[in-house]
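A.B. asks: when you get a sec, could you give me coordinates for this:
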Amino acid sequence: MSGLAGVFHVDGRPADPALLARMTASLAHRGPDGEGQWIDGPIGLGHRLLATTPESVSEKQPASDEVGECRLVWDGRLDNRRELIAMLRVGADALTWPDAQLVLLAYQRWGSACFARLIGDFALALWDARPRTLLCARDPFGVRPLYYHWDGARLAFASEVEALFADPTLLRRPDEATIADYLLMGFRDPDRTFFDGVRQLRPAHVLRLDDRGLRLERYWDAEPSRELRYAREDDYLDEFRDLFREALRCRLRSTTPVGLLLSGGVDSTLVAATAEALRQDEGLGIELPAFTLLIEGFLQEEWEAVQGLMTAYGTELRTIAVEPGRNFLELYLESPEPPDHEGIPVMPAVLRSVAARGCRVLMTGVGADELSRRAEIGFIEDLLGAWRLPDFLRHVRERTLSYADGAWVREAGAVLWSRLPGSLRHAVKRLTGRQVPSWLEPGFARRAGIGGWRLPEGQRRFATWCAEATYRALTRPDLASALGHLDARAGRFTVECRHPYLDRRLVEFFLAVPADVKLGHGYRKQFVQRALAGAVPGPLRTTERQDEHVRHDEPTFVRQDAARMARDLFHPRARVFRYVDRAGAERMRDAYVGRGRPHGTLLWNFLSLEVWLQQVFPEWPDAGAGAG
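C.D. replies: Numbers count the residues shown, from 1 in each chain. Below you'll find the predicted structure:
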């Protein structure tokens, strides 16, 4: 993680050095190891360096080519350095060159087509003086964020939204369309953010700005026609294991100890076990302390495997014990970042401990659900599409049982509903009066056009829903937004999060594995479990236990939630009631407190949004009784 910022006036006006300095300074927490700024007429670039890889220790940015025609600011980690060096035909000493220098050489060789050749997590801005063109690019899944404001004459961009507000002419206002999407639990526009006028660069895209204007171009996409056919099932498992180890090997390049997040589930356990096995097999001289959060009333799913790690590998385990009376809701509300629905379990309490241990890198299991769990649902959708109804019902039941959820009839209904054409679902909602939720504030619903709200379906690209569901989960705006929020949350502690399940090579391979291979041995991510099981000291289970899950309807948790809501949500000055009908929310609260369900998730969303609005817009006038 580093921080980048910049401005470009397409009308030729000179860039403001004072503004660039303020923007760069606001990113100091992301880069304590170096600062650089460069201005040439209408273009200005700023950078804050966090040296997390050996090659970055002596790096100076903005970087320049030999003749000074191209300048680059880079926040990233290149994972295919050796392959790039071979293709560029430069000497062996290039192995020690910073990533930015290799990216500049790649651009000189291939132009903007070079971005498709970069494997790793990155956000960048590159100025080419010859055609007077600014290029900004973001990695395929949006691990590294890049935000911008474009007024038709000037582009301002930065790694974090707050840096853009170093410009006093940019007003800080909430974006109502994004708030509507958040409340309705589905982000429609991949460019929008929670701030009016602030956009995020789409993953896998390059922003090109020159005299002809601003354009967005996709530089990478998965190949839907690719399907692997190997002679033996073990060949698929072996290749997945090799790719996963390579994804970890690249992400273990670090100048400090690498923290391993153990969130309690199978995904992070497999990451930690494989990382420890890799360190042992290859003699990597790096410390791998593990971190786990212990919450009252919550039994970790794979605690036996975690204890096996400590015994077999001598893993240093640091537990962050949450004081009695606090639950997940309290922990999530500690973060000042905009709310999202992803539930990524990297909270300030964990990051604080990671930073205190001296780790600048934290390895997570983020992306595993999008990769595997969505494939499971897609496989079931394929059974329904083929009219294999007995198999469909049997697999729905098997899957719900493997995740300790007995509500298989409800899941079958959800799959049936999801496969109806979007126009038909929209018509059913309109006819049944469910087009606009009753808990929305009526004036806001009209302003935001909620009556016509629906998620864009997009064109189906893959032959099977098994692959299509994985692809959509990995490329939907919700994930990119959540990754951006996580990046900013970790950046406050000068910690860089790395996610091996989001390695592009691994994703491309997984999408090409036949569905019957991925799901041939059941659910709960059995393909991934079987591929990586050799690194885990002890068996991983094929099913979960009901007592492993945080039960938000438990009386203790309900009382805690009710107390927090009374203090921070249902008060006279609450801002969220510009968007949510207060009376409707109160009825939902009463039902939740009285029966524990069914409104807990929505109330959490209301409270999360209210806390964020209080933090970011403290000078707002009162919302009153909900007037829009």
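
A.B. asks: residues touching residue 108, list them.
C.D. replies: By CB atoms under 8 Å, 6 or more residues apart in numbering, the contact list for residue 108 reads 65, 70. For glycine as for every other residue, the C-beta is placed from the backbone atoms N, C-alpha and C.

A.B. asks: before we move on, what SS does it have?
C.D. replies: helix (DSSP: H, G, I helix; E, B strand; the rest coil).

A.B. asks: name whatever forms a beta bridge with residue 200.
C.D. replies: Going by DSSP bridges, residue 200 is paired in beta bridges with residue 147.

A.B. asks: how confident was the prediction at it?
C.D. replies: If you check residue 200, the pLDDT there is 97.

A.B. asks: that one reaches residue 193, doesn't it?
C.D. replies: Yes: with contact defined as CB atoms under 8 Å, residue 200 reaches residue 193; the gap is 5.4 Å.

A.B. asks: which residues do the two both contact?
C.D. replies: Joint contacts of residue 200 and residue 193 (CB under 8 Å, 6+ apart) are 147, 481.

A.B. asks: what about residue 156, distance to residue 43?
C.D. replies: The gap separating residue 156 from residue 43 is 12 Å, by CB to CB, to the nearest Å.

A.B. asks: same deal with residue 311?
C.D. replies: 56 Å.

A.B. asks: and for residue 22?
C.D. replies: 17 Å.

A.B. asks: and residue 24, what does it touch?
C.D. replies: Contacts for residue 24 were tallied using CB under 8 Å, 6+ apart; they are 3, 5, 35, 37, 46, 47, 48, 163.

A.B. asks: again with residue 275
C.D. replies: Applying CB under 8 Å, 6+ apart, the residues near residue 275 are 248, 252, 258, 260, 288, 363.

A.B. asks: who wins on neighbours among these?
C.D. replies: residue 260 (28 neighbours; other CB atoms under 10 Å).

A.B. asks: for that one, grab phi and psi.
C.D. replies: phi -110, psi 120 (degrees, to the nearest 10).

A.B. asks: doesn't residue 359 make contact with it?
C.D. replies: No: between residue 260 and residue 359 there is no contact under CB under 8 Å: 9.3 Å.

A.B. asks: ok, residue 22 and residue 43, which is more surrounded?
C.D. replies: Neighbours per residue (other CB under 10 Å) separate residue 22 from residue 43, with residue 43 holding more: 21 against 17.

A.B. asks: quickly list what that one is bridged to.
C.D. replies: Per DSSP bridges, residues listed as beta-bridge partners of residue 43: residue 8, residue 40.

A.B. asks: that one reaches residue 134, doesn't it?
C.D. replies: Yes: at 6.8 Å, residue 43 and residue 134 qualify as touching, with contact defined as CB under 8 Å.

A.B. asks: got any residues that touch both of these two?
C.D. replies: Shared contacts of residue 43 and residue 134, defined by CB under 8 Å, 6+ apart, comprise 6, 8, 127.

A.B. asks: what lines up beside the helix or strand harbouring the last one in the sheet?
C.D. replies: Residue 127 is part of strand 120-128, with elements assigned from DSSP states H and E. Strands that pair with strand 120-128, judged by DSSP bridges, come out as strand 70-78 (antiparallel), strand 133-138 (antiparallel).

A.B. asks: among those strands, which is nearest residue 505?
C.D. replies: Residue 505 lies closest, by CB to CB, to one member of the strands paired with strand 120-128: strand 70-78, at 13.2 Å.

A.B. asks: for that closest one, what does the pLDDT average out to?
C.D. replies: So the average pLDDT for strand 70-78 ends up being 98.

A.B. asks: picking that back up, just the shared contacts of residue 43 and residue 134 now: which is nearest residue 386?
C.D. replies: For those, the minimum distance to residue 386 (CB to CB) is 51.5 Å, reached by residue 6.

A.B. asks: which SS class is the closest one?
C.D. replies: Assigned with three-state DSSP, residue 6 falls in the strand class.

A.B. asks: neighbours of it, how many?
C.D. replies: Every residue meeting other CB under 10 Å relative to residue 6 is counted, giving 29.

A.B. asks: pLDDT wise, what is it at?
C.D. replies: 98.

A.B. asks: just checking, it touches residue 73?
C.D. replies: Yes: Residue 6 lies in contact with residue 73 (CB under 8 Å); the separation is 6.6 Å.
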